[in-house]
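Engineer: one predicted model, sequence on top.
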Amino acid sequence: MSDTSAGTEPDPAAGPGRRPSSVYGVGSEPDARFSLANERTALAWLRTGLALVAGGVALTTLATFAVAGPLLDVVAALACLAGGALAIGALVGWRRTERALRLGRPLPAPSALPILVVGVAAIAVVLAGYAVVQALG
Amino acid sequence: MRAVEGLAGDPGAQPQRTMLAWNRTMLAAVLGAMLVALTAERQQRPVIAAIAGLAALALLFLVLRDLRRWRHDGHGPWISLLHVGIAVVVLAGLGATLAIAGLVY
């Protein structure tokens, strides 16, 4: 990646039609492998969001015949909203990383990761508490 | 397959890996939409099921169209990423609606 330290002038090969211009208007073309890896990372985040949504939807089915249905519905709604938030985070993260790659700057930290860890842990604790209450009661 | 300059004989097979990641993501998105549609149908909410099915169709159409443009003029992946992201947000909204509807009724 020897050509990214050149500076911040726009890449003439980028062309005016390449969107978003806030990404492709700055810096110079990075190594294609890094751009592709960034793209795969964004896709992996999108799939993580989809997995959370799918888990939440599956929980709504469970909520229709489980004893603690309302609790499961709350967890399901939270999981779905977290999945949507991760999808937005995937797009924002792709833009930030692509900009940093083009400008030759240090890569930004994955900002969605702490939220994901806290969210999954919270859902796990609520479901574990539910299981314990069910087993005792 | 998208043409990427400077990757002739690349041992990491980066374009292939990226295209496979796209395949996985599209498969997951369409299966997710199907799960939402079937769940909504089972809970007698045909409107949500219809929106989920239409979202899957629209996503497939848009991304296939993006792919053709991509090959011709070498645009970045942003538009396709945006379309998949919007689809995930729509599915998330439908799932949350199912959960809240189950809570209220």
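Structural biologist: On my side now, so go ahead.
Engineer: near whatever residue of chain A ends up closest to chain B, how many other residues are there?
Structural biologist: Residue of chain A nearest chain B, by C-beta to the nearest C-beta: A:Gly84 (3.0 Å). All C-beta atoms are positioned from the backbone trio N, CA, C, and that covers glycine. A:Gly84: 23 surrounding residues under other C-beta atoms under 10 Å in any protein chain shown.
Engineer: please give the element, helix or strand, for it.
Structural biologist: For A:Gly84, the host element (DSSP states H and E) is helix A:69-103.
Engineer: just the buried residues of that helix, please?
Structural biologist: Using 16 or more other C-beta atoms under 10 Å in any protein chain shown as the test for burial, helix A:69-103 gives A:71-103.
Engineer: ok, stretch A:129-137 next?
Structural biologist: Residues A:Tyr130 are the ones in stretch A:129-137 that count as buried (16+ other C-beta under 10 Å).
Engineer: re earlier: past the helix holding A:Gly84, which element shows up next along the chain?
Structural biologist: Note on helix A:69-103: by DSSP H and E, the next helix or strand toward the C-terminus is helix A:112-136.
Engineer: from the middle of its chain, how far away would that following helix be?
Structural biologist: On the basis of C-alpha atoms, centre = their mean, to the nearest Å, helix A:112-136 sits 20 Å off its chain's mean C-alpha point.
Engineer: let me see the mean pLDDT of the helix or strand hosting B:Phe61.
Structural biologist: Element membership for B:Phe61 (DSSP H and E) is helix B:46-73. When pLDDT is averaged over helix B:46-73, the result is 88.
Engineer: so which elements touch it?
Structural biologist: Helices and strands touching helix B:46-73, by 3 or more C-beta pairs under 8 Å, 6 or more residues apart in numbering or on different chains; DSSP states H and E, are helix B:14-42, helix B:78-104.
Engineer: what about the first one, near chain A?
Structural biologist: Yep, that's helix B:14-42 we're talking about. Yes - using C-beta under 8 Å from any C-beta of the partner chain, helix B:14-42 reaches chain A at B:14-15, B:17-18, B:21-22, B:24-25, B:28-29, B:31-32, B:35-36, B:39, B:42.
Engineer: check the last one too.
Structural biologist: Yes - contact between helix B:78-104 and chain A, assessed by C-beta under 8 Å from any C-beta, occurs at B:78-79, B:81-82, B:84-85, B:88-89, B:91-93, B:95-96, B:98-100, B:102-103.
Engineer: just the buried subset of the residues of helix B:14-42 next to chain A, please.
Structural biologist: The neighbour-count criterion (16+ other C-beta under 10 Å) marks B:Gln14, B:Pro15, B:Thr18, B:Ala21, B:Trp22, B:Thr25, B:Ala28, B:Ala29, B:Gly32, B:Leu35, B:Val36, B:Thr39 among the residues of helix B:14-42 next to chain A as buried.
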